[in-house]
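Engineer: Kindly generate the corresponding structure for this input.
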Amino acid sequence: MRRRVKAAGQVPAELLDFGLWCKHRGHIGYEEVIFDQWCDDRAAWSDAHGWPGGDDQRLAEEVVAPVPDEDPFDWSKI
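Structural biologist: Residues are numbered from 1 along each chain as shown. Now for the predicted structure:
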């Protein structure tokens, strides 16, 4: 049986902040299409290390994470 150490370490800052995760990977401007990848990265880290507060807490954070609109272009500046 595989043992998992719950919350063995601090969650990396980029897994707590979607904007920071995008910035570190050069995905600025593509946020609306890669949000699921951020969620997958968080789930993978959680599977390996455990998430403070458990999976319900991780999922709740993803539900309220600020995701930019699909059209970030400011049409009022035309």
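Engineer: Tell me which residues touch Pro12, please.
Structural biologist: Contact analysis of Pro12 by Cβ atoms under 8 Å, 6 or more residues apart in numbering lists Trp45. The C-beta positions use only the backbone N, C-alpha and C, and glycine is treated the same way.
Engineer: Try it again at 7 Å.
Structural biologist: Not one residue lies near Pro12 by Cβ atoms under 7 Å, 6 or more residues apart in numbering.
Engineer: can you check Trp38 too?
Structural biologist: Contact analysis of Trp38 by Cβ under 7 Å, 6+ apart lists 18, 21.
Engineer: Which helix or which strand is home to it?
Structural biologist: According to DSSP states H and E, Trp38 maps onto helix 31-49.
Engineer: do Asp56 as well
Structural biologist: Here Asp56, judged by DSSP H and E, is contained in helix 54-64.
Engineer: now that helix: mean pLDDT?
Structural biologist: The average pLDDT for helix 54-64 rounds to 91.
Engineer: Could I get the buried residue list for it?
Structural biologist: 58, 61-62 (16 or more other Cβ atoms under 10 Å).
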